[in-house]
Every structure is written in structure tokens, then in C-alpha cells.
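Novice: Just a sequence and a predicted model for now, questions to come.
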Amino acid sequence: MRTSSRRTRGTRRAVVAVVAAAALALTAAGCGGSDDDNGGTGDNGAASPSGSGGGTGGVALPDLKGQSLEVAAVWTGPEQKHFQKVLDEFGKRTGAKLKFVPTGDNVSTFLGTKIEGGQPPDVAFLPQVGVLRQFAQKGWLKPLGPEAQAQLDKNFTQGWKDLGAYEGKQYGVYAKAANKSLVWYNTSAFDNAGISGPPATWDDFLKTAETIFESGTPPVSVGGGDGWTLTDWFENIYLSQAGPEKYDQLAAHKIKWTDPSVKEALTTLGGLFGKKDLIAGGQSGALQTDFPTSVTQTFTGNPPKAAMVYEGDFVGAFIGDNTKAKVGEDAKVFPFPAVGSGKAPVVSGGDVGVVLKDSKGAQALVTFLASTDAAGVWASSGGFVSPNKSLDLSVYPDEVSRSIAKGLVSAGDDFRFDMSDQAPAAFGGTAGKGEWKDLQDFLKNPSDVAGAQARLEADAAKAYAG
């Protein structure tokens, strides 16, 4: 949500610049397609047979009978449910008992309190690159062992490894990634409005929204109750409109949030947020809508409360688990539209698994997370994308998921990360503070572009200075 003075030296820049062919493949998948082409990229990612000390046909794991591990991550609902399958598989193979602990949105605060209190979880997932670096600076992270490093070297490109490293040491495994430049739409709402195909440009997107409104359905569902969704809206527009160089500069706070390029992006975003007819529930309704609700209200009801919802590939899991809509039929997807003369953006996010309590069990778990075995279990549930380049794409449950994953893997090292996830947590990753709060205030009053810029710059300057 993330090039930055806080980043590891030599780390590649962070936004997925997926080639045009991948974007076209994604659009085609959103409009239907065959399941015949699995698009495999390596060894079969299906889970190997269970067994303590297992590894038959997969990664070798130790016997951990009698050991208990605590794993912390931000996920709830379907995402937690699907990750639990990965933990269950690890438990079957090793005999270890695993407990999942939800962190809440303030991951750094939750974990920092646990660590300082002497009771950290064994393994945790960090949703922000900035937090990994902060924790590494404090000496809170344990370097990956040789077995985990071997799986990482085998299955991940250098760019993903660099994102999990700090000052030459490897601390993390990006087991879960996200393509955060997708717009999901209710096919019935599009059909009712007479829309024949998804929009490719921002202007066409607004025209599509107006057409849907005229058909009687609110066009766009915005989960403004969760401030992180608003940072993603801004980042996609900013990347497309201002370009990669400016994006890198703003991510590093080498230019200020009062820069004209930020004004232009906020003005563009205000062209949507400022039109209450185009947003389900208007501005006030959007501010009371959390992310899960923004998804479910788009794919339930007849008519639904909205026709489109913007967010990453993980939306698929919420659709599949919380609605009767079928991804690829009732729910389809198109790339975030290009803004102005810019290219269509593809912003990536991800969750990095790190070791907080060095032990045989914790190192075995991150080794498993870096393998195709774990990725295959996770991917088969849907709503998940792995940057593991060795994972056979056939394990994904539908063509939409396969196309999203293929686009991500095809990018290789030519990628950038979500901007807010590159920032210090106080600015880019804390509910009710910093960028999350400032953009919620902007959603409330989209005409106050100058005020939003001033607040964003003040909060950014304070966080980066600290």
C-alpha cells in the first residue's frame, strides 16, 4: 500500500509494471475465456502427501511433534480461513500445533507491544515494507535460515527477495502478493445498463459510471470506512497520471505532498468522489462502508447496491465466500483505467512472513511458506496471488485468478510496490492517522484539494522525520 530512503540498497523499485500483453489477457479473462490453458510456470504446486517429517514430492520439513507455534497476521474472514488451510497442512506434515492471532489494522503497534512485552508470536506477516525495515533496525527480526533461503532462491525473483531484505540480510518471505489495480463488476448491472465492454480510460470509466447511474443502480462501491482502500485509489491514479519517476519520488518523500502532481491526482480522484450520485451511499455512506461490505453489496441483491468495486485480486475470496456470485460469470474484472495520457497502472502489494522467535519450528514454517507446496494449498482456495515463479498456474481455481497471477509473475523484477506500504507506519499504515485519515477527510470534502495536500504533507513530514 510502497524508491525510498528507508529501502534496502539495491532494492528494485516497487509498482508492478506488467506488460501490456498481461493487461490485455486480464481484460480478456474478465470477459470470459477458456480454462484449457493452464499457463504453468514450473513444478506442480499441488500439496504433497501429508506426513510428519514429510517432503514426499515436496519440501522437506522436520518432525515438530510437541511444539506449538503462534502466527500473527492482519487477515480476517475468508483470507484468514484460506490461510488456515496452509497452517493445517504444515501441522499435518510436522505434527506442530499452530495458533493464528489476528493483529488488527495497526499491525506494527500490535506486534511492537507483544515484542516489547516479551511475548512475540513465532512468525508474523507484515503488510508494509516500511514496518519490516523498522523492525529490522530495532533488531526484532531473525534472519532466515539456510533451508528457507534455499526455497526463496529457487522460487522467487531477486526483486521479491530484495523487498524482504534489509542491509544485506534476508528477513522475509513474500508468500502472498496482490495485484491492486483491478475493478470488479457485476455483470448483470452492466447488462442492465447496456454496457458492452469495460472502460479502458478514466474518462470512459466516469462515463460508464454515469450510464449505470441512469439505469437505476449506484455505480461505484467505495470502502471508505477503511482508509487503506483510499490510499490505493490515489496511488493508481497518481502512478498513471504522474508517471513512475514521480511515484518513486513521492514514495520516498523526495517531493512534497504539496507538489502540483499530487494536486492533479487529487483533483482527478475528486471527479469521482465529488459526485455523490456515482458513489453508493454518497460520501457519507462510503465513509461508513468497510472493505468487506464494499464488496458484498456489489454482488448481492437484485438490483445490487453498486455495480463496481475497486480493489485487488483478494476481492475474489470475499465474493466466493460471502455471496452467491460466481467469479468469471456474475463477477468479472478489468484493469484499473489509464488516466490522461498515462499508461494503465498496476500497483502491487504483499505480505511478508518474518521470524520473531528463532526456533526450529519457526524456521520450518517460513521454509514451507517459501515453497510451491504452501503456495499451491493457498492458491487453490481463490482470492490469492503468489509471486512464487515456480508455482503451476493450474492450481488457481478459475481463469480470472490464473490471468491475474500470470500477469504478476510475468513482470519478473520490473515492478514497484504500493506507495503507502513504503512509508513509515505512522503515515501509511495506521488506522485513523496519517494518510488513511487525511484521505478519509478528502472523501468527506473532495473540493478541498489544497487542504488535503497540506494535511498529507504535514503528517508525512512528521512521520519520515521520525
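Specialist: It's in.
Novice: count of residues packed around V449?
Specialist: 18 (other CB atoms under 10 Å). Every C-beta, even on glycine, is put in place using the N, C-alpha and C of the backbone.
Novice: do you know how far the closest residue to it other than its chain neighbours is from P335?
Specialist: Excluding its sequence neighbours, the residue lying closest to V449 (CB to CB, 6 or more residues apart in numbering) is L266, at 4.8 Å. Using CB to CB, to the nearest Å, L266 is found at 22 Å from P335.
Novice: same deal with S294?
Specialist: 19 Å.
Novice: Could you tell me which residues within stretch 230-247 count as buried?
Specialist: 230-242, 244, 246-247 (16 or more other CB atoms under 10 Å).
Novice: Please narrow the residues you listed to those residing in strands.
Specialist: Secondary structure defined by DSSP state E assigns none of the buried residues of stretch 230-247 to strands.
Novice: Tell me which two of the residues you listed sit farthest apart.
Specialist: L230 and P244 (21.4 Å; CB to CB).
Novice: picking that back up, least confident of the buried residues of stretch 230-247?
Specialist: The member of the buried residues of stretch 230-247 with the lowest pLDDT is P244, at 86.
Novice: Surely it is in contact with R416?
Specialist: Yes. Contact criterion CB atoms under 8 Å: P244 and R416 qualify, at 6.9 Å.
Novice: K433 - how many residues pack around it?
Specialist: K433: 17 neighbours (other CB under 10 Å).
Novice: dump the residue contacts of the closest residue to it other than its chain neighbours.
Specialist: Distance criterion CB to CB, 6+ apart; nearest residue to K433, sequence neighbours excluded, is A426 at 6.5 Å. Residues counted as contacts of A426 (CB atoms under 8 Å, 6 or more residues apart in numbering) are K433, G434, D459, K462, A463, G466.
Novice: for A461, what are its contacts?
Specialist: Per CB under 8 Å, 6+ apart, neighbours of A461: H253, K256.
Novice: quick one, strands of the stretch 151-300 of the chain?
Specialist: 165-166, 169-170, 172-179, 182-186, 220-221 (DSSP state E, counting those that start in this stretch).
Novice: Distance to V123, mean pLDDT and mean neighbour count added to the ones you listed, as TSV?
Specialist: Output for the strands of the stretch 151-300 of the chain, formatted as TSV (distance: least, CB to CB, whole Å; pLDDT from 0 to 100; neighbours: other CB atoms under 10 Å):
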stretch	distance to V123	mean pLDDT	mean neighbour count
strand 165-166	17	96	24
strand 169-170	15	98	16
strand 172-179	10	93	28
strand 182-186	29	96	26
strand 220-221	34	98	28
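Novice: Compare those and give me the one nearest D392.
Specialist: By CB to CB (comparing all of those), the closest turns out to be strand 172-179, at 16.5 Å.
Novice: Quick check: D373 touching G58?
Specialist: Yes. Contact criterion CB under 8 Å: D373 and G58 qualify, at 4.2 Å.
Novice: Tell me which of the two has more neighbours.
Specialist: With other CB under 10 Å as the criterion, D373 and G58 differ in neighbour count, and D373 comes out ahead with 29 against 21.
Novice: what's near enough to touch the residue of the chain positioned farthest from its centre?
Specialist: The centre of the chain is farthest from one residue, G66, which by CA atoms, centre = their mean lies 34.6 Å away. By CB under 8 Å, 6+ apart, G66 lies in contact with G95.
Novice: what's the spacing between it and A148?
Specialist: Counting by CB to CB - G66 and A148 are separated by 22 Å.
Novice: try P303
Specialist: P303 is 49 Å from A148, by CB to CB.
Novice: And for F110?
Specialist: F110 is 24 Å from A148, by CB to CB.
Novice: what do you get for K92?
Specialist: In terms of CB to CB, K92 sits 20 Å off from A148.
Novice: And those two? Which one has more around it.
Specialist: A148 (26 against 15).
Novice: pretty sure the more buried one contacts A370?
Specialist: Yes. Assessed by CB under 8 Å, A148 is found in contact with A370 at 5.6 Å.
Novice: Cross the contacts of A426 against helices and list the overlap.
Specialist: Among these, the residues falling in helices (DSSP state H) are G434, D459, K462, A463.
Novice: so how many other residues sit close to the first one?
Specialist: Here the number of neighbours of G434 (other CB under 10 Å) works out to 26.
Novice: mind checking how far the closest residue to it other than its chain neighbours is from D448?
Specialist: If the residues on either side of it in the chain are set aside, G434 comes closest to F427, at 4.0 Å by CB to CB, 6+ apart. For F427, the distance to D448 equals 20 Å [CB to CB].
Novice: what about S215, how many neighbours?
Specialist: 17.
Novice: cool, the one 10 residues further on as well?
Specialist: Neighbourhood size, G225 [other CB under 10 Å]: 19.
Novice: G350 too?
Specialist: 29.
Novice: Backbone torsions only: list them for it.
Specialist: Recorded main-chain torsions at G350 are phi 180, psi 160, according to degrees, to the nearest 10.
Novice: Who does it form a beta bridge with?
Specialist: G350 forms beta bridges with A177, as assigned by DSSP bridges.
Novice: Pull the contacting residues for it.
Specialist: P127, W160, L163, Y174, K176, A177, A178, P387, F417.
Novice: So the fifth one is in contact with S386, correct?
Specialist: Yes. Taking CB under 8 Å as the definition, K176 is a contact partner of S386 at 6.9 Å.
Novice: Find the residues that touch each one of these two.
Specialist: Shared contacts of K176 and S386, counting by CB under 8 Å, 6+ apart, come down to W378.
Novice: Tell me where the stretch 1-150 of the chain has helices.
Specialist: For the stretch 1-150 of the chain, applying DSSP state H, counting those that start in this stretch gives helices covering 20-30, 77-94, 107-116, 129-137, 146-155.
Novice: any chance of these in JSON lines, plus distance to V347 and mean pLDDT?
Specialist: Formatted as JSON lines, the helices of the stretch 1-150 of the chain follow (distance: least, CB to CB, whole Å; pLDDT from 0 to 100):
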{"stretch": "helix 20-30", "distance to V347": "13", "mean pLDDT": "39"}
{"stretch": "helix 77-94", "distance to V347": "19", "mean pLDDT": "95"}
{"stretch": "helix 107-116", "distance to V347": "19", "mean pLDDT": "95"}
{"stretch": "helix 129-137", "distance to V347": "13", "mean pLDDT": "91"}
{"stretch": "helix 146-155", "distance to V347": "23", "mean pLDDT": "98"}
